[in-house]
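S.K.: how would this look folded up:
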Amino acid sequence: MGANVSSLLVGRDQRRSRRFSALAGVFALASTLVYTAIVLGGLPDTFPFMVGPVVVVLGAATVCAYLNDGLLVSGSITGLFAVGGIVAMHVDAGLGPVSYPVSLATDIRILAIFVGVGIAGSLVGAVARRVVTRVF
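M.R.: Got it, this is the predicted structure:
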């Protein structure tokens, strides 16, 4: 794989890419804990608890791209975050009947949406960095 393709997919700095990948793992663990706690009734099912973390993760994917590029790394940040929500959905479904479909197709759809959002955030971050470097 060429250097340009590698920097586009993984990032220009491997050490920074590893750090953001580790952050993606932390987001996966945190989202699993938070959304499972919401499902089990330990945390309120309110707008800030449901949407706030999504905004934070999208911001992290955008900052990752601004600092280092890397479509795959930004996509993994949001994708692994979605895995926590998927795990919580399956915990909820295991406790009794739910009002939403829980299937492999739903899981793949959710994962694809979140990875797509991460890639969009990556594009915003990369374009912002290029605009800032050209203007200033």
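S.K.: Helices along this protein, start to end?
M.R.: 3-9, 14-40, 47-68, 71-95, 104-135 (DSSP state H).
S.K.: distance of the residue positioned nearest the centre of the chain from Ala3?
M.R.: Nearest to the geometric centre of the chain sits Thr78, at 0.9 Å (CA atoms, centre = their mean). Distance check for Thr78 against Ala3: by CB to CB, to the nearest Å, it reads 26 Å. Backbone N, C-alpha and C define where each C-beta goes, glycine included.
S.K.: roughly how far apart are the residue nearest to the centre of the chain and Leu40?
M.R.: 24 Å.
S.K.: Next: Gly96.
M.R.: For Gly96, the distance to Leu40 (CB to CB) stands at 12 Å.
S.K.: residues contacting the closest residue to Ser21 other than its chain neighbours?
M.R.: Using CB to CB, 6 or more residues apart in numbering and skipping residues adjacent in sequence, the residue nearest Ser21 is Val73, 5.9 Å away. Applying CB atoms under 8 Å, 6 or more residues apart in numbering to Val73 gives the contacts 10-11, 17, 20-21, 24, 64, 122.
S.K.: one step back: you'd agree the residue nearest to the centre of the chain is up against Gly59?
M.R.: No: with contact defined as CB atoms under 8 Å, Thr78 does not reach Gly59; the gap is 10.5 Å.
S.K.: hmm, back to that, could you let me know which of the contacts of Val73 ends up closest to Ala82?
M.R.: Ala24 (10.8 Å; CB to CB).
S.K.: Can you get me a residue count around the closest one?
M.R.: 24 (other CB atoms under 10 Å).
S.K.: Next, the contact list for it, please.
M.R.: 73, 76-77, 79-81.
S.K.: Report pLDDT for Val5.
M.R.: pLDDT for Val5: 69.
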